[in-house]
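In: Build me a model from this:
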Amino acid sequence: MFKSWRNDKNKIKAVFKLQFQATQVPKLKKAALMISLVPDDVGKPTFKLEKAEVKEGICSWENPIYVSVKMIKEPKSGIVREKIYHFVVATGSSKSGFLGEASIDFADFLTEAEPLTVSLPLKFANSGAVLNITIERIQGANDSRLTEENKDLQSHSNEDSFRSLPSNDDLEGYNQEDERSVNANTAKNVGGIGGGSFDSIGESGWMDGGNARLPQRHNSVPATQNGHRRSNTDWSASSTSDESYVESRNSPENTFQRGIFSTDSSDPVEKLKMELEALRRQSELSELEKQSLRKQAAKESKRIQELSKEVSFLKGERDGALEECEKLRAEKSRDEADAESRLRCVSEDSSNMIEEIRDELSCEKDLNGNLKLQLQRTQESNSNLILAVRDLNELLEEKKNEIASLSRSLEEAKKVEEDRDSEEMDKLKQQIEELEWEVDSYRRKNEEQEVLLDELTREYESLKEENHKHVEGGDEELESQIEILEGRLKQQSLEYSELESEVKELKKELEEQARAFEEDMETMMREKTEQEQRAIRAEENLRKTRWKNAIAAERLQEKCKRLSLEMESKLSEHDNLTAEAENLRLQKRNLEEMQEKAHREMEEKKEALSMKVEMLEGEVLKLTKMRDEADAAAGEREKMVRELRKERDEFALAKEEAERAKRELSLSKSSNDEKETRLGNLKREVEGLSVQYSELQNSFVQEKMENEELRKQVSNLKVDIRRKEEEMTKILDARMEARAQENGKKEENLAKLSDELAYCKNKNSSMERELKEMEERYSEISLRFAEVEGERQELVMAVRNLKKR
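Out: Predicted coordinates:
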């Protein structure tokens with residue numbers, strides 16, 4: 001029944017809205033980034049943002065996320081304990097895609113009323129990127145310091161109003177609407193959070209921090225004692241105003257919920273008025289959304305007009321391209337007919353081209369040789385770097401082995417010393433035991449001798465008595481016996497003194513051995529401390545060498561990365577050069593074939609001319625013979641000379657015609673080059689048209705997505721309006737019946753209220769009609785876009801046919 005309120009009052013639950021943007025992003029293999037949130041007390045990522053594209057070094061995430069954080073406030077000092085979150089930025093591909101990490105303490109932003117933009121440089125990767133985070137605390141969800149009893153009370157009081165809270169679809173639509181619709185939906189979301197339904201928020205961007213307790217990480221923003229833990233070096237904050245947040249706190253939906261929650265009002269008419277005001281405000285909100293939809297429709301109509309203009313322009317370009325293609329076909333047919341007749345006179349031009357190609361090939365060979373030398377040098381440098389890294393690793397292993405050998409030698413020395421000490425102790429113990437045993441034996445002998453002395457004294461007394469009795473007979477015998485006994489006593493006393501001296505010497509030896517043992521122990525302890533100090537120094541030196549080796553390895557890795565990048569660029573250049581060389585080789589082969597054909601034709605002509613020359617020589621011989629034989633053949637000879645002159649003139653004319661053919665061939669080559677340039681321009685234009693088509697298709701897909709989202713929103717609005725109408729009609733019917741039975745005087749107010757309800761219903765019906773009209777317009781737009789796409793496909797097919805021809 002009675003619980004301590006101290007712990008419950010000290011707990012604070014806050015909700016933060018986070019918007020992310022990364023700047024100064026370096027060039028990456030994968031041009032997309034993702035962010036994962038890691039609470040410091042959990043140690044594992046609890047939420048991951050979707051991947052976003054990097055454009056010109058900037059990567060921005062359009063959709064914000066909402067983080068629920070539980071913090072503890074100390075009752076005595078009033079300081080809120082730190083709640084650190086880490087933001088890990090990466091491309092998502094293992095360790096190589098790690099771009100950096102930044103961290104924030106949410107306790108610094110607990111008292112902030114306005115949104116703040118924080119710029120955090122990414123650590124632990126040397127990427128130079130900066131993560132900009134816009135942090136806004138949602139005031140409707142703060143200070144949830146409810147105990148179990150308060151939660152039970154609140155759950156009982158909110159049972160009637162829980163149905164009017166927004167659903168998950170509203171939160172999902174929050175991220176994808178216009179600015180004004182965003183403001184309206186933020187009002188709904190904040191109202192839902194303030195009403196105590198924080199746990200029923202959708203899955204789009206909410207998360208709850210501080211569930212598990214794992215080892216902490218110490219890379220957060222530094223904290224001070226006064227609660228504001230911002231450091232000037234790690235991040236810089238800039239305040240930005242947010243009008244939508246102010247609108248969301250005073251939204252009509254929140255006032256409607258407050259009207260429903262306030263059940264203590266006395267007059268039911270006032271309650272109805274409050275509900276009508278809330279409905280009016282909701283209708284105003286729906287009008288605002290309708291205006292935004294109208295603006296979107298106007299924008300889309302403008303886009304359609306622009307697309308139709310672009311389509312007409314593309315049609316004109318298509319017609320021009322078709323005409324140019326027809327012209328090119330005609331020119332090609334003419335050029336082919338001319339080229340077939342004039343290809344026989346291309347020997348000189350082909351030889352010049354072959355010489356130029358040979359020069360270019362020699363230059364390319366030189367370039368390839370230089371590139372090979374550079375590659376060999378880079379490979380040698382890489383091998384040297386690898387050898388240096390291996391040497392460093394070998395040095396590290398040698399030092400590790402030395403340290404291990406030192407530790408082993410220390411352990412062995414300790415073991416040897418312990419064994420020696422134990423052996424010496426055992427020997428001393430044995431000697432002490434032996435000496436004690438000897439002392440005990442000597443004591444026993446002394447006791448026996450004392451017993452013998454006692455017996456002898458008794459015997460001596462008895463003998464004295466007997467002597468007194470028998471003085472006369474045994475004096476001499478008694479004296480002899482007494483002398484014998486006295487000799488024995490002297491011998492025993494001497495042995496006893498000798499034993500005492502031996503015992504004293506043994507004690508002295510034991511004392512000296514104990515002193516020597518203590519001195520040996522002190523020297524062993526000194527040596528042990530010295531060896532431990534040496535081991536500590538060796539470990540410190542090892543740590544320093546490891547640190548230096550790690551720095552050297554990092555530098556070597558950076559150098560290797562640079563060299564690998566240079567190698568890749570050089571290899572790409574080499575590939576381009578090899579491709580160009582192959583193209584030139586193909587051109588060379590074609591020219592050689594052309595040259596061979598020209599040579600064959602020239603040889604055929606030479607053979608024909610030689611045959612003609614031989615025939616002429618035979619005729620000349622015949623003429624000389626005829627001149628020798630008769631003078632009458634002079635006229636015939638003159639005729640033959642005239643014929644020879646005619647043939648010479650014909651040969652000169654043939655030469656002139658060959659020169660003309662060469663000139664015409666050069667002209668045809670220039671015209672062919674112009675045609676090839678025209679074809680290249682046409683291909684570029686076709687590629688531009690394909691790019692424009694892809695952009696149009698992307699815009700069409702985006703518009704389709706927007707239309708689907710708008711349809712979903714319209715359907716949600718319809719469902720909400722119908723549900724609210726049904727609830728209001730039920731509430732009004734029940735209250736109208738109750739009040740008609742109770743009060744007959746308030747019929748006028750009820751009539752007014754019913755008129756206002758009818759007005760609201762008419763407004764809702766008109767809004768539904770307008771929404772239907774908007775849907776029809778969207779369908780018309782989609783049909784138009786389908787027509788445009790069909791025309792575009794026809795253009796693409798025509799261009800492909802032209803390329804094939």
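
In: Counting neighbours, what do you get for residue 52?
Out: Residue 52: 20 surrounding residues under other C-beta atoms under 10 Å. No exception for glycine: its C-beta is placed from N, CA and C like everyone else's.

In: Who does it form a beta bridge with?
Out: On the basis of DSSP bridges, residue 52 is bridged to residue 33.

In: is it true that it touches residue 59?
Out: Yes: the criterion here is C-beta atoms under 8 Å, and residue 52 meets it with residue 59 at 5.2 Å.

In: Show me the common contact partners of those two, please.
Out: Common neighbours of residue 52 and residue 59 are listed as 32, 33 (criterion: C-beta atoms under 8 Å, 6 or more residues apart in numbering).

In: for this protein, what's the longest strand?
Out: Of all the segments assigned as strand in the chain under DSSP state E, the longest by residue count is strand 11-23.

In: Partner strands of that one and their direction?
Out: Here, using DSSP bridges, strand 11-23 pairs with strand 58-60 (antiparallel), strand 65-72 (antiparallel), strand 130-138 (antiparallel).

In: Let's test this: mean pLDDT of the first one, rounded?
Out: Pointing back at strand 58-60 there. Regarding strand 58-60, the rounded mean pLDDT is 92.

In: residues making contact with it?
Out: Contact with strand 58-60 is made by 20, 21, 22, 23, 25, 32, 33, 52, 53, as judged by C-beta under 8 Å, 6+ apart.

In: For these, give me JSON lines that also has pLDDT and distance to residue 456.
Out: Listed next are the contacts of strand 58-60 as JSON lines, based on pLDDT from 0 to 100; distance: C-beta to C-beta, whole Å:
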{"residue": "20", "pLDDT": "93", "distance to residue 456": "117"}
{"residue": "21", "pLDDT": "93", "distance to residue 456": "120"}
{"residue": "22", "pLDDT": "92", "distance to residue 456": "117"}
{"residue": "23", "pLDDT": "92", "distance to residue 456": "120"}
{"residue": "25", "pLDDT": "88", "distance to residue 456": "118"}
{"residue": "32", "pLDDT": "87", "distance to residue 456": "119"}
{"residue": "33", "pLDDT": "89", "distance to residue 456": "116"}
{"residue": "52", "pLDDT": "90", "distance to residue 456": "121"}
{"residue": "53", "pLDDT": "89", "distance to residue 456": "124"}
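
In: Can you say which of the residues you listed are buried?
Out: The neighbour-count test (16 or more other C-beta atoms under 10 Å) marks 20, 21, 22, 25, 33, 52 as buried among those.

In: Next one: the fifth one relative to residue 50, how far apart?
Out: Computed with C-beta to C-beta, to the nearest Å, the distance linking residue 33 and residue 50 is 10 Å.

In: Against which helices or strands is whichever strand or helix holds residue 610 packed?
Out: Element membership for residue 610, per DSSP states H and E: helix 475-629. If you count contacts as 3 or more C-beta pairs under 8 Å, 6 or more residues apart in numbering; DSSP states H and E, helix 475-629 packs onto helix 347-469, helix 634-742.

In: worst average pLDDT in those helices?
Out: Among the helices and strands packed on helix 475-629, helix 634-742 carries the lowest mean pLDDT, at a mean of 69.

In: after that one, next one along is what?
Out: Using DSSP H and E, the next helix or strand after helix 634-742 towards the C-terminus is helix 747-804.

In: any idea of the mean pLDDT in that following helix?
Out: For helix 747-804, mean pLDDT is 73.

In: what's the answer for stretch 331-339, then?
Out: For stretch 331-339, mean pLDDT rounds to 72.

In: per-domain residue ranges of this protein.
Out: Annotated domains of the chain cover 1-251, 296-345+662-805, 349-600 [automatic domain parsing].

In: show me where the stretch 51-200 of the chain has strands.
Out: 52-55, 58-60, 65-72, 84-90, 98-105, 116-121, 130-138 (DSSP state E, counting those that start in this stretch).

In: can you redo the ones you listed as CSV with distance to residue 492?
Out: Listed next are those as CSV, based on distance: least, C-beta to C-beta, whole Å:
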stretch, distance to residue 492
strand 52-55, 113
strand 58-60, 112
strand 65-72, 93
strand 84-90, 94
strand 98-105, 96
strand 116-121, 102
strand 130-138, 105
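
In: can you tell which of those strands is closest to residue 600?
Out: strand 52-55 (60.0 Å; C-beta to C-beta).

In: Just say helix, strand or coil for residue 38.
Out: For residue 38, the secondary structure call by DSSP: H, G, I helix; E, B strand; the rest coil comes out as strand.

In: Contacts only, for it.
Out: 44, 45, 46, 85, 86, 87, 88, 217 are the contacts of residue 38 under C-beta under 8 Å, 6+ apart.

In: Go through the residues you listed and name the one nearest residue 586.
Out: Using C-beta to C-beta, these come closest to residue 586 at residue 88, 51.8 Å.
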